[in-house]
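Peer 1: let's see this in three dimensions:
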Amino acid sequence: MQGYSQKEMKGKTKRYVQTLDLCANPGMIAEYRKWHSEEYQKQWPEVCEGIRAVGIQEMEIYILGNRLVMIVETAEDFDWDSAMSRLATLPRQAEWEAFVSKFQGCSAEAKSDEKWQMMERMFHLYD
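Peer 2: I've put the predicted structure just below:
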């Protein structure tokens, strides 16, 4: 494995890490992966624009089996709760959440911050 390059950020940042389990169905997981590919993101441009508009600088999702881990990078003064409340009102966001809920095994009405569970950092390389 070669690893992944990081986007260079200006100034201090915050990192949020969340997890979510997909339905344990290989076909559904393959389709979920497809909808998150660069090619298919172009069909939902408003969703990526909304993510950026609320102050999220970088977002990555990693997968192992049906377990997802999402890493979100923001400015240091970012307020998660107000940003998620705003994100839920932006164009096509509710439509996107309803669409992906069938892969996630969640209610079609659930907002992103109701599905994804925040993880707690328990270790880092201390100075």
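
Peer 1: could you pull out the helices for this structure?
Peer 2: 26-35, 38-41, 45-53, 80-87, 93-104, 112-115 (DSSP state H).

Peer 1: can you name every helix or strand that the last one contacts?
Peer 2: Read it as helix 112-115. If contacts are counted by 3 or more Cβ pairs under 8 Å, 6 or more residues apart in numbering; DSSP states H and E, helix 112-115 sits against helix 80-87, helix 93-104. For every residue, glycine as well, the C-beta is placed using N, CA and C.

Peer 1: then the fifth one?
Peer 2: Using 3+ Cβ pairs under 8 Å, 6+ apart as the contact test, the elements touching helix 93-104 are helix 26-35, helix 45-53, helix 112-115.

Peer 1: mind putting those helices in a markdown table, mean neighbour count included?
Peer 2: Below are the helices and strands packed on helix 93-104 laid out as a markdown table (neighbours: other Cβ atoms under 10 Å):
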| stretch | mean neighbour count |
| --- | --- |
| helix 26-35 | 13 |
| helix 45-53 | 15 |
| helix 112-115 | 17 |
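
Peer 1: lowest mean pLDDT among the helices and strands, pick that one out for this protein.
Peer 2: Lowest mean confidence among the helices and strands of the chain (mean pLDDT, DSSP states H and E): helix 112-115, at a mean of 86.

Peer 1: mean neighbour count added to the helices and strands packed on helix 112-115, as TSV?
Peer 2: Output for the helices and strands packed on helix 112-115, formatted as TSV (neighbours: other Cβ under 10 Å):
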stretch	mean neighbour count
helix 80-87	14
helix 93-104	17
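
Peer 1: so which of these gets nearest residue 123?
Peer 2: helix 80-87 (21.6 Å; Cβ to Cβ).

Peer 1: coming back round to it: so can I have JSON lines of the helices of the chain showing distance to residue 125?
Peer 2: As requested, the helices of the chain are exported to JSON lines (distance: least, Cβ to Cβ, whole Å):
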{"stretch": "helix 26-35", "distance to residue 125": "31"}
{"stretch": "helix 38-41", "distance to residue 125": "32"}
{"stretch": "helix 45-53", "distance to residue 125": "29"}
{"stretch": "helix 80-87", "distance to residue 125": "25"}
{"stretch": "helix 93-104", "distance to residue 125": "32"}
{"stretch": "helix 112-115", "distance to residue 125": "29"}
